[in-house]
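Visitor: Predicted coordinates and the sequence they were generated for:
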Amino acid sequence: MTENNPKGKVLPFAQNADFYARKGDERRERGALAEAAAFYRKAVELEPDDPDFRILLGCVYGEMGCGRLSNLLLASALWRGGREDALLYYHMGVNYFDYRLYDEAMACFEAVGFSPMA
């Protein structure tokens, strides 16, 4: 019991989207991709307009073999003004390649100056 909590009850401790993204990063580094995705989903729920959290979730979905869902999230990050960075296009390209959409994959790779044929 404290002065601010006289009955000794547990107080709610709300976390922000960055907290959940960091937890997702920790799980992803350990290879716990499903757990990482759950934390990234929570970050997206809390900050739906932040493209960075969508990029993280899209990348981990790609690593889980969910390429179409991954590309939907990555594209939605672009639509929300996301950074047009190499990581985003690389993951989109890999997803397209996995689905044998080679022209789309090459367009993504070339957008960041990466040529798998070189």
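Guide: Ah, there it is.
Visitor: contacting residues for residue 58?
Guide: By CB atoms under 8 Å, 6 or more residues apart in numbering, residue 58 lies in contact with 69-74, 77, 88, 91. C-beta coordinates here come from the backbone N, C-alpha and C atoms, glycine included.
Visitor: and those residues, which two are the farthest apart?
Guide: Using CB to CB, these span at most 14.9 Å, a distance reached by 69 and 88.
Visitor: Those two: who's more crowded?
Guide: Between residue 69 and residue 88, residue 88 has the larger neighbour count (other CB atoms under 10 Å), namely 23 against 16.
Visitor: So for stretch 102-118, what gets flagged as buried?
Guide: 104-106, 108-109, 112 (16 or more other CB atoms under 10 Å).
Visitor: In strands, which of those residues fall?
Guide: With strands taken from DSSP state E, there is no overlap with the buried residues of stretch 102-118.
Visitor: what about the most centrally placed residue in the chain, helix or strand, and which?
Guide: The residue lying closest to the centre of the chain (CA atoms, centre = their mean) is residue 56, at 1.7 Å. If you go by DSSP states H and E, residue 56 is part of helix 51-63.
Visitor: elements contacting whichever helix or strand comes after that helix?
Guide: Toward the C-terminus, helix 51-63 is succeeded by helix 67-79 as the next helix or strand (DSSP H and E). Applying 3 or more CB pairs under 8 Å, 6 or more residues apart in numbering; DSSP states H and E, one finds that helix 67-79 contacts helix 51-63, helix 86-98.
Visitor: would CSV of those with mean pLDDT and distance to residue 33 be doable?
Guide: As requested, those are exported to CSV (pLDDT from 0 to 100; distance: least, CB to CB, whole Å):
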stretch, mean pLDDT, distance to residue 33
helix 51-63, 94, 6
helix 86-98, 88, 14
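Visitor: now those in a markdown table, with distance to residue 27?
Guide: Converted to a markdown table, the helices and strands packed on helix 67-79 look like this (distance: least, CB to CB, whole Å):
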| stretch | distance to residue 27 |
| --- | --- |
| helix 51-63 | 9 |
| helix 86-98 | 18 |
